[in-house]
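1. Fold the following.
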Amino acid sequence: MENNLLNVLNSPLTPEQAETLNHLIAGLSNEQIIWINGYFSGLNAGRQGISTGQTVIPQTDHPNGEVNITVLFGSQTGNAEKLAEILHSKLQSAGFNATLQSMGSYKTRQLKSEQFLFVVVSTQGEGDPPDSAQLFYEFIQSKKAPNLSALRFSVLALGDSSYEYFCKIGQDFDTRLEALGGQRFYPRTDCDVDYEETADAWFDELLNQLSKERKVSEAIVSSSTSLASSTITSYSKRNPFSAILLENLKITGRGSSKDVRHIELSLEDSALSFEPGDSLGILPSNCPELVAELIDTLAINPETIVTDSKREKTTLQQALLHHYEITTVTRPFLEKIAAFSGSKELGQLFQEENRDQLRSFIYGREVIDILHHYPLPGITAEQFIGLLRKLPPRLYSIASSYRANPDEAHLTVGIVRYQSHGRDRKGVATTFLTERIGKEEETIPIYIDSNKNFRLPEDPDRAIIMVGPGTGIAPFRAFMEEREVTGAQGKNWLFFGDRHFHTDFLYQQEWLDYRKNGLLNQIDIAFSRDQEEKVYVQHSLLKRSRELYAWLEEGAYFYVCGDAESMAPDVHEALLTIIEKEGQVSREKAIEYLNNLQQNKRYQRDIY
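-> Residues are numbered from 1 along each chain as shown. Next up, the predicted model:
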């Protein structure tokens, strides 16, 4: 610390000011110094009249102050955005001139003048970009993209290895930026659902490389906060709150083919808060019977001590119960099994021409099924858990308003039970919530997962159109509670659908009450199995095309929540058809219209 003390010769301070500051610095931790650094940067920005709309770090006297860095993110659920914010904070703490921007608001003409570009982007569904990143993704892949020979870049890709196109969008950005002439500053890093440690390592490598090139003080770089410490404020994914189950009520009727529950959890004494559109992260445990069967198949003592995913010592049984994914088979897992077992048959599945066979083989199988097909005699407990990925949290749209129910969080949960490959299957989180809480386990580890890309209009007088079939209705229940408790005057229109009116109309009485008291101005329902010809929400949209288009023209916000594979694309297509027909424009102009809605946050989706 003494080497960092000021004197009047190396600063513009008076002797008295230098003495006061040195006295203060001597008693500060690294974390406190970082905070004060950020505070003074913000104070200086405020004095210079810098807009708060975009985070800008003023030029400093550091040699690295000449380096301009842009952190660019494309995020659907908010994870990529959070990581980008953390990286930006680290760069700021190290004295770099950095800006943080969303792909949705990024001006493409800036790209050719960028010096350093650090991209953080997720992949959705079957290899799609986040909604907010769609236009920038299309631009970067087009002939309009500029030569980037002066650019140095690195990409952090987020994905889920249980999907075929794992981290595809990040990989596409990485490949395309290089093809345009950019120089890879640091190799692309792919993150699975347990992304924290991998992302933290990427942050550190970027800062280390930058410090070498610009000779940044090692003291500054080493004092940069880790992802773990910067993300944990009170309760979080790494430090979940233990919630108590208040209500577990079946809300589908007798005879329904579905089992949907209304779940209420207590947040009392947690200090947790949330906004409509946010999700609740559940950290479930695996089914004890399935864990027992797995251990029995491995022929390993369940009390064998292993090092779990948190680098703590525990038994194999506890590790499989609480820390590792055993109900989803991923390609990386199969590749490890093939290598360990030496199976040529399994190895052939990874050839490009066998992609469809691999997808078919994985579908509906769990880890236990693979072990039955490809036994691993002699494998140790440590070796086995090394084949598995961490047990990821499950996210559920919160179905209540914090302002209406500040000590509770409500969920709408469809219980997953089915048969596959001759075995009964259960959803990990849904059966954890509805079958084991209160019997085998007393509390539920939870955290709030903020979703800034699914928000009510800032102007409460704006109209909203909500499309939420099935359990996709959840966030719109929260929207309506919020609109009611805040006295919002904007009009509200709901499109809901499911299989049968008499058994599957979720929260029916609540919607009827809202319609009766005038808060819900319009409601259109589509029950697919109540007539010979199946009817879905997209058909309801098309039937109301003239009025729906009029609402959009008047400034309404359009929201979609639910299935990403079929429903969301069908609704998107219906919207384009409506805009073409009612606006009397070409398909190209309709796409442009919808893109503008998306850019202005008037078309938002929470799809999965």
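
2. pLDDT weak spots in the protein?
-> Counting by pLDDT under 70, the ranges of the chain that qualify are 1-66, 215-233.

3. Go through stretch 171-181 and flag the buried ones.
-> Of all the residues in stretch 171-181, those buried under the rule 16 or more other Cβ atoms under 10 Å are 171, 172, 173, 174, 176, 177, 178, 180. Glycine gets a C-beta too; all of them are placed from N, C-alpha and C.

4. Need the contact partners of it.
-> 117, 119, 121, 137, 140-141, 145-149, 151, 153, 155, 157, 184, 188, 190 (Cβ atoms under 8 Å, 6 or more residues apart in numbering).

5. can we see that at 7 Å?
-> Contact with stretch 171-181 is made by 119, 121, 140-141, 145, 147-149, 151, 153, 155, 157, 184, 188, as judged by Cβ atoms under 7 Å, 6 or more residues apart in numbering.

6. out of the residues you listed, which is most surrounded?
-> Neighbour counts for the contacts of stretch 171-181 were taken using other Cβ atoms under 10 Å; the highest belongs to residue 121, with 30 neighbours.

7. With the flanking residues excluded, which residue is spatially nearest to that one?
-> In space, and not counting its chain neighbours, residue 121 is closest to residue 74: 4.0 Å by Cβ to Cβ, 6 or more residues apart in numbering.

8. picking up where we left off before, which of the buried residues of stretch 171-181 lies closest to residue 338?
-> Proximity of those to residue 338 (Cβ to Cβ) peaks at residue 171, which lies at 22.3 Å.

9. any idea how far the closest one lies from residue 353?
-> 20 Å (Cβ to Cβ, to the nearest Å).

10. what about the residue nearest to residue 121, how many neighbours?
-> 29.

11. where do the strands sit along the stretch 201-350 of the chain?
-> For the stretch 201-350 of the chain, applying DSSP state E, counting those that start in this stretch gives strands covering 241-250, 260-266, 279-282, 305-307, 313-315.

12. Out of those strands, which is closest to residue 345?
-> Closest among the strands of the stretch 201-350 of the chain, once you apply Cβ to Cβ, is strand 305-307, at 29.3 Å.

13. Report the strands that pair with that closest one, each with its relative direction.
-> Using DSSP bridges, the strands paired with strand 305-307 are strand 313-315 (antiparallel).

14. List the contacts of the partner strand.
-> Strand 313-315 has contacts (Cβ under 7 Å, 6+ apart) with 302, 303, 304, 305, 306, 307, 308.

15. One more pass at 8 Å, please.
-> The contact list for strand 313-315 (Cβ under 8 Å, 6+ apart) reads 302, 303, 304, 305, 306, 307, 308, 323.

16. Check stretch 557-575 too.
-> 124-126, 397, 454, 456-457, 462-476, 479, 536-539, 541-542, 552, 594, 597, 601-608.

17. Recalculate using a threshold of 7 Å.
-> Under Cβ under 7 Å, 6+ apart, the answer for stretch 557-575 is 124-125, 397, 457, 462, 464-470, 472, 475-476, 536-538, 541-542, 552, 594, 597, 602-608.

18. Buried ones among the residues you listed?
-> Buried members of those, scored by 16+ other Cβ under 10 Å, are 124-125, 397, 457, 462, 464-470, 472, 475-476, 536-538, 541, 552, 594, 597, 602-608.

19. Just the residues you listed: which are in helices?
-> 475, 476, 537, 538, 541, 552, 594, 597 (DSSP state H).

20. Next, format those as CSV and append distance to residue 68.
-> Putting those into CSV (distance: Cβ to Cβ, whole Å) gives the following:
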residue, distance to residue 68
475, 38
476, 42
537, 46
538, 45
541, 45
552, 39
594, 34
597, 32
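
21. who's in contact with the residue positioned nearest the centre of the chain?
-> In the chain, the C-alpha nearest the mean C-alpha coordinate belongs to residue 77, at 3.4 Å (Cα atoms, centre = their mean). Going by Cβ under 7 Å, 6+ apart, residue 77 touches 449, 451.

22. Please report how far it lies from residue 407.
-> Residue 77 is 25 Å from residue 407, by Cβ to Cβ.

23. so which strand or helix has residue 372?
-> Per DSSP states H and E, residue 372 falls inside helix 367-373.

24. wait, doesn't the residue nearest to residue 121 sit right on residue 123?
-> No. With contact defined as Cβ atoms under 7 Å, residue 74 does not count as touching residue 123 (9.4 Å).

25. one step back: out of the buried residues of stretch 171-181, list just those in helices.
-> 171, 172, 173, 174, 176, 177, 178.

26. quick one: which of the residues you listed is nearest to residue 292?
-> Ranked by distance to residue 292 (Cβ to Cβ), these are led by residue 171 at 38.9 Å.
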